[in-house]
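[1] quick one: sequence plus predicted model below, questions after.
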2 protein chains.
Amino acid sequence: MAVLGALAVEDATGYGVRQSITETLGHFWHESFGQIYPTLATLEADGLVGRTPTGKFSITPAGVERLTELLSEPVEPTRPRNGLLLRLFFASHLPDGMARQLVQDARDQARVALAGYGAIEAEVAAESHPDADHWLATVRFGIHHAQATLDWAQETLVRLPDGEG
Amino acid sequence: MAVLGALAVEDATGYGVRQSITETLGHFWHESFGQIYPTLATLEADGLVGRTPTGKFSITPAGVERLTELLSEPVEPTRPRNGLLLRLFFASHLPDGMARQLVQDARDQARVALAGYGAIEAEVAAESHPDADHWLATVRFGIHHAQATLDWAQETLVRLPDGEG
DNA sequence: CTTTGCATGTAACATGTTACATGATTCA
DNA sequence: TGAATCATGTAACATGTTACATGCAAAG
């Protein structure tokens, strides 16, 4: 889905697909290197992607159809694995002060993320691409959640007694 | 880490460990069935857990030490896989109205989650367990993020033109 | 002329899920 | 007595990551 989607936006080499996924979808999706090339090979064999004269991969009409099909499948719920919350839950077994440190780190990361999203938001808004509305929606999701983490961290730092485990 | 942590809270059978993880840690952690039993076997072989006379697993002093060690390891960043945002990003290839539907579904789920968290929050606050502060912090995280999803969904529904792909 | 980035791929490894198999106990 | 829940485990399968191997091109 991610590979076909990336190619639906623009033609690219396998390397380029990976860059698109890392840079553009990076905030909400990832694909490892070892999956992209085999996937492209399969897609090509199935006639869902072809090659341009310059050697780039290019999505075919059948590929576009398949993409729509894939996107229409129900969203499968993600299984959570939040290492921060797991540690916080068992914080009584953590060395003194470490729980607090973890929350501070999360706060700092949220601040950085927030700044990054702000830049992307401005960029997308300026571009006026036909898909800008949807792209903006994904960025706004990131902003809301980064802000939530920031608010939570600040609230939690007030609530957790200083120097506590 | 999750299995040792669960046993640090109370003795349990393998089945019970799974229940603890599903019910108590469920909002931020999961372990599949096929992992818990092999893990328990390894932990027992390593002397990190033992058995009570009633057959339940019980964490040993060495196990507690190991738990602290594990919890002290750096939080490894999770690789994102957000099916909702992926679909939204490529929404121009989605059938008409489906993007809107996805956001509405997310909003409804966030509302349900929020109500659930509220109940848990009240419950934890009432218990006055020594770890209540930390447990509350994890619940508050869920509340902040569910609220973020709710706010985002409402904002997005206003921004996305009606009946749009 | 050498380092960085572009480009392609594979194979070994690690992780994680599902389905199956089995049986005891409890409750209606 | 039959269904649901408790309880334990394994084996096949699916998924996903890392390290390795290779080579070209551009920039400094």
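    Ah, there it is. Residues are numbered from 1 along each chain as shown, chains lettered A, B, ... in the order given.
[2] CA atoms for contacts and neighbours, from now on please.
    Noted.
[3] and the contacts of stretch A:118-135?
    Identification of contacts with stretch A:118-135 by C-alpha atoms under 8 Å, 6 or more residues apart in numbering or on different chains yields A:136, A:139-140, A:143, B:88-92, B:159-160.
[4] against DNA strand D, which of those residues make the cut? List them.
    When contact is defined as C-alpha under 7 Å from any atom of the strand, the contacts of stretch A:118-135 do not meet DNA strand D at all.
[5] from the residues you listed, which ones fall inside helices?
    A:136, A:139-140, A:143, B:88-89, B:159 (DSSP state H).
[6] are any of those buried, and which?
    A:136, A:139-140, A:143, B:88-89 (16 or more other C-alpha atoms under 10 Å in any protein chain shown).
[7] so residue A:107 is in contact with residue A:150, correct?
    Yes: between residue A:107 and residue A:150 a contact is recorded at 5.2 Å, counting by C-alpha atoms under 8 Å.
[8] circling back to that earlier point, so which of the buried ones among the ones in helices among the contacts of stretch A:118-135 comes closest to DNA strand C?
    Nearest to DNA strand C among these, counting by C-alpha to the nearest atom of the strand, is residue B:89 at 22.8 Å.
[9] got a list of what that closest one touches?
    A:131, A:134-135, A:138.
[10] how about a markdown table for those residues, with distance to residue B:8, neighbour count and pLDDT added?
    Formatted as a markdown table, the contacts of residue B:89 follow (distance: C-alpha to C-alpha, whole Å; neighbours: other C-alpha atoms under 10 Å in any protein chain shown; pLDDT from 0 to 100):
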| residue | distance to residue B:8 | neighbour count | pLDDT |
| --- | --- | --- | --- |
| A:131 | 50 | 16 | 95 |
| A:134 | 46 | 22 | 97 |
| A:135 | 45 | 23 | 97 |
| A:138 | 40 | 23 | 98 |
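[11] tabulate the residues you listed (CSV), appending distance to DNA strand D.
    Putting the contacts of residue B:89 into CSV (distance: C-alpha to the nearest atom of the strand, whole Å) gives the following:
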residue, distance to DNA strand D
A:131, 27
A:134, 24
A:135, 23
A:138, 21
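[12] now chain A against DNA strand C: closest residue?
    Closest point on chain A to DNA strand C, by C-alpha to the nearest atom of the strand, is residue A:14, at 3.3 Å.
[13] check the secondary structure at the residue nearest the centre of chain A for me.
    Most central in chain A under C-alpha atoms, centre = their mean is residue A:28, positioned 1.7 Å from the mean C-alpha point. Assigned by DSSP: H, G, I helix; E, B strand; the rest coil, the conformation of residue A:28 is coil.
[14] ok, it touching residue B:85?
    Yes: contact criterion C-alpha under 8 Å: residue A:28 and residue B:85 qualify, at 6.7 Å.
[15] ok, the residue nearest to the centre of chain A - contacts?
    Per C-alpha under 8 Å, 6+ apart, neighbours of residue A:28: B:80-82, B:85-86.
[16] which of these fall within helices?
    Per DSSP H, the contacts of residue A:28 map to helices at B:85-86.
[17] just the contacts of residue A:28 that are near chain A?
    B:80-82, B:85-86 (C-alpha under 8 Å from any C-alpha of the partner chain).
[18] separate out the buried members of those.
    Those of the ones next to chain A among the contacts of residue A:28 that meet the buried threshold are B:81-82, B:85-86, by 16+ other C-alpha under 10 Å.
[19] turn the residues you listed into TSV, including pLDDT.
    Formatted as TSV, these follow (pLDDT from 0 to 100):
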residue	pLDDT
B:81	97
B:82	98
B:85	98
B:86	98
